[in-house]
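Enquirer: From the sequence below, what's the structure:
(chains A and B)
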2 protein chains.
Amino acid sequence: MLTRQHAQELDLNDPLAPLRAQFALPAGVIYLDGNSLGVQPAAAPQRMQQVLQQEWGQGLIASWNDAGWFALPRTLGNQLAPLIGAGDDEVVVTDTISVNLFKLLSAALSIQAQRAPGRKVIVSERANFPTDLYIAEGLIRQLDRGYTLRLIDDPAELPAALADDVAVVMLTHVNYRSGAMFDMAAETARIHAAGALALWDLAHSAGAVPVDLSAADADFAVGCTYKYLNGGPGSPAFLWVAPRWQQDFQQPLSGWWGHRTPFTMSPGYVPDDGVGRYLCGTQSILALSMVGVSLDIYAQTDMAALRRKSLALTDLFIALVEAQCGDLGVTLATPRDHAQRGSQVSFEFEHGYAVVQALIARGVIGDYREPRIMRFGFTPLYTRFVDVWDAAAQLADVLRTRDWDQPRFHARGAVT
Amino acid sequence: MLTRQHAQELDLNDPLAPLRAQFALPAGVIYLDGNSLGVQPAAAPQRMQQVLQQEWGQGLIASWNDAGWFALPRTLGNQLAPLIGAGDDEVVVTDTISVNLFKLLSAALSIQAQRAPGRKVIVSERANFPTDLYIAEGLIRQLDRGYTLRLIDDPAELPAALADDVAVVMLTHVNYRSGAMFDMAAETARIHAAGALALWDLAHSAGAVPVDLSAADADFAVGCTYKYLNGGPGSPAFLWVAPRWQQDFQQPLSGWWGHRTPFTMSPGYVPDDGVGRYLCGTQSILALSMVGVSLDIYAQTDMAALRRKSLALTDLFIALVEAQCGDLGVTLATPRDHAQRGSQVSFEFEHGYAVVQALIARGVIGDYREPRIMRFGFTPLYTRFVDVWDAAAQLADVLRTRDWDQPRFHARGAVT
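Expert: Just a heads-up that it's a prediction; the model follows:
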C-alpha cells in the first residue's frame, strides 16, 4: 500500500493536480517549506512587469486611482475574506503581523477596559510564535497600567488560566513548531464564557486549513500572506475585526490611510468607518500586487478540497516516516487526530538541525525550529503525493546511513 | 535670458544630465511630481526579475541568508545614511513613516519622562503632513498620561511655543505644501536650548536637499523612500536614531526583527543593541530591493551637486512663471531664499485644482494640495532645464487662455 506506485496513483486521481502548473517550482527540489515561504506563482513575474512598467513606469501618480492602488488593502482583504470565513469590509491586507497585533491587542484591552476594568491579563501560550508574545510585552510595558501576560505551557491549561482577570486570549490557531491546531469555535466559546475576548493568529492557517472566523464568533484575527498564501518574501499581513467591534476603538497607530477622508489633509484625525481605521501608513504597492496573484489561484478551488488533500498528504508522510524510521529515534510532534492537525508535520529528533541540512543537500527542503523540531509543510496547491513518498525515503536514508553526521551539516547559519 | 534656447544650453552644460538615462521616464510627459512618487529607475525591472526568479523563485527560504534578505533593512540603512549625514548602524529602512513616528515619539517621550517628567507637550506645525499629527494624537490618546499636542501656525511661533513643558518638537524639514525648509541645525539648537528633543521628518528632504543630522545634532528622524528616493509606490520608510539614544529605550512595537537573537525563538523579548531594536515585523523583500536600485544611482553623484542643480531648476521655474503669469493671479508659496527652499515650487491659485488637471491633460504632471496649492517637484536626477521651460510655458498658456475653466478639469478623483 505505501509504495511509490501508490503515491503516483494518488497524484493521477488528484483533482487539484493541475494547479501545480501555476507555480514556478525550482527544478530538482521537493519543497516542503511553504509554511515558511510559499512558492512563487508562475504568473507573478508577468504581473510584476505590468505593475512596474505600466502602473508605476507609465501611470506614475495617476495609478493611485487608475490602477486601484489606494484601495488595494481593502480589495485584497475582500478577496482573502472567504478563505477565513470573513465578510466584505472586514479584512485589510496591510503592515506586518507584529504591527497588526499591536493594533488589535490595543483594541481588545481598550474594549475590555470599558466593559470590565478589572480584567488586566493577556493569556497566551509560551509556545506561541515569539513575535506575538514580544508585541504583547511591548504593549503592556508601554501602557504601564498593570496589565500582565499569562503564558500557559500546554493547551490543556487554558481552562484554568481563564480566571475573571483575563481581558483577552491571544492564540495561534496552528502552532508553528508542532503543527497542532486549536478547535477555534470551541476555544472561542470557552474564552467568551469566561468573559474574555478571542484574538486568533492565522499565520499557519490562512490558505492552509478551513477557517471560519464568523462561525467561530471570534473577535479579532491577524495572519500572514507569505506562507501558504504565496505572496512573496515578507509580503503584507492581514487583520480582521469582527463587525461588532469595528466602531468601538480608535487604534493608536492612527495614520492617514485609516482617516475617513485622507486627502482633505486636515490636521485632526477622524477614523474611517469600519475596518479601514486599522490602516496606518502608505503600503508597498509592489508587495500588495503579488498577494493578488496568489489569491487568484485560490479562487479556482476551495478550502474543503485543499483540506482533503492536505490531510491525505500529511497522513501519508506520517505513515511513511513511521514505517521507515520508527526505530531510528524520530518522534511525531504533530497530532494524529485530523481535527487537531494543521498542514504541516513535525518530527522531533536530537540531531534535527543536521538532518534538515542533509535533506536540503539532497534537494528536500524542510526546515528546523529550536529545539529538535524538523518541520515539513504540505501545500496541496503544488505538493504531490510522490513528493511525499520521495521526501520520506530521503529522510529514512539520511537517518539510516547517519548521513547527517558530517561537520558541514552542523554549521549554523544566521537564519535557520 | 529666459529663452528656451538658454534652457537647452543649461542642459548641455549640466554635469548631471547623463543620469537622466537611468530613469524610465514615460514618453511625452514632463514629470514634476517626484516629490509625490519618484520615477522608476531603468534598472528596476531587471533587478526585480532577478529577485523574483533567482532569489524567491529558485532560492526560496535559503535567500533569507544567501541573498541577504534578512539584513536588508540594515544594509539599505547604511547605504542611505550618507544622504542624511548619518553613520553606519544608525539607520534602518523599514515599515512606514507613520509606524516609525510612533516608535520614535514613544522613545522621545519615554526618555524625557526619565529626564524631565514635567515635560508633557509635543510641539508641531498645524501645516505638518497630517499623518505626523495623527500619529502623535494616537500615541497621546493611548498613553493617557496628560500629554498634549501644541500646534503652531507659523514657524515664527516656534520660540514662543518652546516653554518648559515641551518634551519633543516634531517638524517636517521641508513642508509638503509650500516647499519651505527649516534650518535644521539652528532649530535643533533652539529646541535643545529649551530642553526638548528634536524629531525631524525628512519625507521631502532625503535625496532632495543636503541633510546632515549628525552636524545638526538632531535626536530622531524618519523619512520616505518613494518620493525623491524613487523606491516605488509605497516603498518602505526609514528611521534614524542618534547613537546617544539608541540604548535608552525599548520601543513598544517590539517585534521579532528587533530582537537580539530572533532565531532562538525565545518567549522573552531582548532588544537588539543599537538601531536594530527599532525593527518590528518581517519586511517585504520585493519592496526593499527596489530601494537599493535607486540608492545605487545616488552613489554616482552627491547631494551638493544635486542641490546646485535643484536650486537652478527652481530658480528658473519661479522666474519663468512670474515673468509670464505674474499678472494672472498666481502667487509664489515657496520661499525665494535658497536657504529656506526645498526642491519643489508651489504656487497658490484660486482654481489650482483645475489648472493642475489642465496641465496633466497636456502632459505636464504636477499635483494639487488643498487649499489652492499647485505643487511642482524638481528632481535633479532626471529633470531637465528645458522641461522647466516647457512646463512654465504650458502653465502660462493654461492660465492665459483659461483652459482650466472646463467642467472636466473640475471633477474630483478619490486621490488628487
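Enquirer: Burial check on A:Val39, number of neighbours?
Expert: 25 (other CB atoms under 10 Å in any protein chain shown). All C-beta atoms are positioned from the backbone trio N, CA, C, and that covers glycine.
Enquirer: do A:Asp403 as well
Expert: Neighbours of A:Asp403 under the rule other CB under 10 Å: 18.
Enquirer: Ok, A:Ala193 next?
Expert: 10.
Enquirer: Need phi/psi at it.
Expert: With angles defined as degrees, to the nearest 10, A:Ala193 sits at phi -60, psi -30.
Enquirer: list the buried ones in the longest helix seen in chain A?
Expert: Longest helix of chain A, by residue count under DSSP state H: helix A:303-325. Within helix A:303-325, the residues that count as buried by 16 or more other CB atoms under 10 Å in any protein chain shown are A:303, A:306-307, A:309-314, A:316-318, A:320-322, A:324-325.
Enquirer: Could you do stretch A:324-332 as well?
Expert: Judged by neighbour count using 16+ other CB under 10 Å, the buried positions of stretch A:324-332 are A:324-325, A:330, A:332.
Enquirer: Throw those residues into a markdown table and include pLDDT and distance to A:Ala339, thanks.
Expert: Formatted as a markdown table, those follow (pLDDT from 0 to 100; distance: CB to CB, whole Å):
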| residue | pLDDT | distance to A:Ala339 |
| --- | --- | --- |
| A:Gln324 | 95 | 26 |
| A:Cys325 | 93 | 25 |
| A:Val330 | 96 | 24 |
| A:Leu332 | 98 | 16 |
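Enquirer: Please render the residues you listed as a markdown table that adds distance to chain B to the earlier fields.
Expert: Converted to a markdown table, these look like this (distance: CB to the nearest CB, whole Å):
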| residue | distance to chain B |
| --- | --- |
| A:Gln324 | 25 |
| A:Cys325 | 23 |
| A:Val330 | 21 |
| A:Leu332 | 20 |
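Enquirer: Helix or strand, whichever it is, which one in chain A has the lowest mean pLDDT?
Expert: In chain A, no helix or strand scores lower on mean pLDDT, DSSP states H and E than strand A:367-369, which sits at a mean of 93.
Enquirer: what's in contact with that strand?
Expert: Contact partners of strand A:367-369, identified using CB atoms under 8 Å, 6 or more residues apart in numbering or on different chains, comprise A:33, A:36, A:176-177, A:346, A:352-353, A:356-357, A:374-375, A:416, B:61, B:265.
Enquirer: helices or strands up against whichever helix or strand comes after the longest helix of chain A?
Expert: Later in the chain than helix A:303-325, the nearest helix or strand by DSSP states H and E is strand A:331-332. If you count contacts as 3 or more CB pairs under 8 Å, 6 or more residues apart in numbering or on different chains; DSSP states H and E, strand A:331-332 packs onto helix A:303-325, strand A:344-348.
Enquirer: For stretch A:263-271, buried residues please.
Expert: Quick answer for stretch A:263-271 (16+ other CB under 10 Å): A:263, A:265-267, A:269-271.
Enquirer: what about that stretch, near chain B?
Expert: Yes - interface with chain B: stretch A:263-271 contributes A:263-269 (CB under 8 Å from any CB of the partner chain).
Enquirer: okay, how far is it across that stretch, tip to tip?
Expert: One end of stretch A:263-271 sits 13 Å from the other (CA to CA, to the nearest Å).
Enquirer: any idea of the mean pLDDT for that stretch?
Expert: For stretch A:263-271, mean pLDDT is 92.
Enquirer: Now tell me what touches it from outside.
Expert: A:250, A:254, A:258-261, A:277, B:126, B:128-130, B:133-134, B:137-138, B:151, B:369-370, B:414-416.
Enquirer: top strand in chain A by residue count?
Expert: strand A:166-172 (DSSP state E).
Enquirer: circling back: could you dump the contacts of strand A:367-369 to a markdown table with distance to B:Tyr147 and secondary structure?
Expert: Shown next, in a markdown table, are the contacts of strand A:367-369 (distance: CB to CB, whole Å; DSSP: H, G, I helix; E, B strand; the rest coil):
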| residue | distance to B:Tyr147 | secondary structure |
| --- | --- | --- |
| A:Asp33 | 45 | coil |
| A:Ser36 | 41 | coil |
| A:Tyr176 | 37 | coil |
| A:Arg177 | 41 | coil |
| A:Ser346 | 46 | strand |
| A:Gly352 | 49 | helix |
| A:Tyr353 | 48 | helix |
| A:Val356 | 49 | helix |
| A:Gln357 | 51 | helix |
| A:Met374 | 49 | strand |
| A:Arg375 | 45 | strand |
| A:Thr416 | 42 | coil |
| B:Ile61 | 43 | helix |
| B:Met265 | 36 | coil |
